[in-house]
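Colleague: Quick one, what's the 3D model for this:
(one chain, ligands or ions: 1)
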Amino acid sequence: MKILVPQAAGNIIEQLNAHGFEAYVVGGCVRDSLLNRTPEDWDITTSAKPEQVKDIFPRTVDTGIQHGTVTVLCDKTGYEVTTYRIDGEYEDGRHPKSVEFTRNLEEDLKRRDFTINAMAYSDRDGLVDIFDGQKDLEQGIIRCVGNARDRFTEDALRILRAVRFSAQLGFSIEEETRKAITVIAPNMAKVSKERIQVELSKLLVSKHPETIVKVNECGISPYISGVFHQALKTLSGEENLVRLPDKKHMRWAGILRHQKPEIAVEILRDLKLDNDTISQVKTLVALWDQEIPEDKPAIRKVMSGLTPELFQDLLYFQNIFGRKPYLESLKKVEEFANEIIRDKDCIRLKDMAVTGRELIAAGRKPGPEIGEVLDALFEEVLKNPEHNKKDTLMNLAEML
Ligand SMILES: Nc1ccn([C@@H]2O[C@H](COP(=O)(O)OP(=O)(O)OP(=O)(O)O)[C@@H](O)[C@H]2O)c(=O)n1
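Modeller: Predicted structure coming up:
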């Protein structure tokens, strides 16, 4: 069994070995390598204490030194090197309240969440797989290391990680692990909303976004938030979600599409999503079932209210969730939209042939009235793009 470890990570391991310490890549990167997926980052676990790691490497950052983590910088990449540790209970779903360092790799692997995440590897020692993680990977099983209730009690976020990994990898959750999820679910209430959101977003952009319904079926959602729980209850037959591009705002809008836009916003704010995503989801939720008539002025009007990307997303969304008769006319809408772009019709206020300043220079009184005139001219241009000429618009303005 050979894993292709990046050279810099390999060098760090070799240097630690040369100083008499054990060191391995561990966790997600081993799991992903064995699955032929590209790991996001390469974490290293070692018997060296943080101070000893810092003595060996010239460039380090104290990322989470109280939890044993030092980032070793190689060129522009940083590698997190963490001392073998035994964790106490987690305080925020991310970091344990207390940690105890150990010299024993098995102790370090024992404290990890799932067998598939509890493997270590080095070129020198090969794969260290004490809990049969490789077998579970082959059989497609998410199973806690040791006693599932203990693992979930240490950190309730792991409950959601179990559902997320099963969605991402298309794995099933093993019986004892599943039972423990139901029992420990109320502890989810203690986990920070940001961490919950990160897991939910990863689940939604995965290959199986429809498994979001499991968050309800496993009884976790009431402990995440009341409104979110209500929203999940209304979901069924979400197979089409996977046809949406794997972009966060598209998938969130997909599961929230039956909500009122303001409820969707409330759910996402509560889950601490970023403002950009919230505003994109709000637009899609408000517009996905508003049929756009097959006429260019109406299409220009919709386009003018959205960024070009979001307008494309809206069409994509309508294609997937739109009703049958509308899908036929949607083809025409798309054709017209392409013509509008090709002909460079004016669909943005900033592209209008007349500005507020020019209206003032022509004698209009500065003030709110200017905005009203510009809006009226813009309406006209959306209806008749050929009127987007300075003379025509100035003449029209005089009549307003
Ligand atoms: N609540 C958690 C979080 C992490 N881990 C352990 O720490 C490793 C690294 O965690 P993280 O980087 O958060 O996740 P990954 O497993 O790497 O997965 P992904 O990159 O997909 O988030 C995990 O593999 C697992 O061994 C854990 O036991 N319990």
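Colleague: Any buried residues in whichever strand or helix holds Ala397, and which?
Modeller: Taking DSSP states H and E as the definition, Ala397 sits inside helix 390-399. Neighbour counts over helix 390-399 (16 or more other C-beta atoms under 10 Å) mark 392-393, 396-397 as buried. C-betas here are computed from N, CA, C, even on glycine.
Colleague: Let's have the residues you listed in a markdown table, adding distance to the ligand and pLDDT.
Modeller: Listed next are the buried residues of helix 390-399 as a markdown table, based on distance: C-beta to the nearest ligand atom, whole Å; pLDDT from 0 to 100:
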| residue | distance to the ligand | pLDDT |
| --- | --- | --- |
| Thr392 | 57 | 95 |
| Leu393 | 54 | 95 |
| Leu396 | 57 | 94 |
| Ala397 | 57 | 92 |
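Colleague: Select, from those residues, the two members most distant in space.
Modeller: By the measure C-beta to C-beta, Thr392 and Ala397 form the most distant pair in the buried residues of helix 390-399, at 9.7 Å.
Colleague: Quick test: name the residue nearest the centre of this structure.
Modeller: What sits nearest the mean C-alpha location of the chain, by C-alpha atoms, centre = their mean, is Ser201, with 3.7 Å.
Colleague: Give me the phi and psi for the residue of the chain found nearest the ligand.
Modeller: Nearest residue of the chain to the ligand, counting by C-beta to the nearest ligand atom: Gly28, 2.1 Å away. When read as degrees, to the nearest 10, the backbone of Gly28 gives phi -50, psi -40.
Colleague: just to revisit the earlier point, buried residues in whichever strand or helix holds the residue nearest to the centre of the chain?
Modeller: Assigned by DSSP H and E, Ser201 belongs to helix 193-204. By neighbour count on 16+ other C-beta under 10 Å, the buried set for helix 193-204 is 195-204.
Colleague: Return the distance of that helix from the chain's centre.
Modeller: Averaging C-alpha positions (C-alpha atoms, centre = their mean, to the nearest Å) puts helix 193-204 7 Å from its chain's average.
Colleague: Run through the neighbouring helices and strands of that helix.
Modeller: Where contact means 3 or more C-beta pairs under 8 Å, 6 or more residues apart in numbering; DSSP states H and E, helix 193-204 is packed against helix 157-169, helix 248-256.
Colleague: List the contacts of Gln197.
Modeller: Residues near Gln197 by C-beta atoms under 8 Å, 6 or more residues apart in numbering: 271-273.
Colleague: Run through those residues and flag the ones next to the ligand.
Modeller: Among those, no residue is within reach of the ligand (C-beta under 6 Å from any ligand atom).
Colleague: just the buried members of those residues?
Modeller: Burial by neighbour count, 16+ other C-beta under 10 Å: within the contacts of Gln197 this picks out 271, 273.
Colleague: Just send the contacts of Gln197 back as TSV, with secondary structure too.
Modeller: Shown next, in TSV, are the contacts of Gln197 (DSSP: H, G, I helix; E, B strand; the rest coil):
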residue	secondary structure
Leu271	coil
Lys272	coil
Leu273	coil
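Colleague: Pull up the gap between Leu232 and Asp345, please.
Modeller: Counting by C-beta to C-beta, to the nearest Å, the gap from Leu232 to Asp345 is 41 Å.
Colleague: nope, Ile292 is what I meant
Modeller: For Ile292, the distance to Asp345 - C-beta to C-beta - is 15 Å.
Colleague: Over to Thr234?
Modeller: Going from Thr234 to Asp345 by C-beta to C-beta gives 39 Å.
Colleague: Likewise for Ile263?
Modeller: Per C-beta to C-beta, Ile263 is found 35 Å from Asp345.
Colleague: Repeat that for Ile141.
Modeller: Look at Ile141 and Asp345: by C-beta to C-beta, they are 56 Å apart.
Colleague: Next: Lys332.
Modeller: From Lys332 over to Asp345 the distance is 16 Å, taken as C-beta to C-beta.
Colleague: Centre of the chain to stretch 186-205, how far?
Modeller: Offset of stretch 186-205 from its chain centre (C-alpha atoms, centre = their mean): 11 Å.
Colleague: That one close to the ligand?
Modeller: No - using C-beta under 6 Å from any ligand atom, stretch 186-205 never reaches the ligand; the gap is at least 6.7 Å.
Colleague: quick one: contacts of stretch 67-74?
Modeller: Under C-beta under 8 Å, 6+ apart, the answer for stretch 67-74 is 8, 11-12, 44, 49-50, 53-54, 57, 59-63, 78-85, 95-96, 99, 101.
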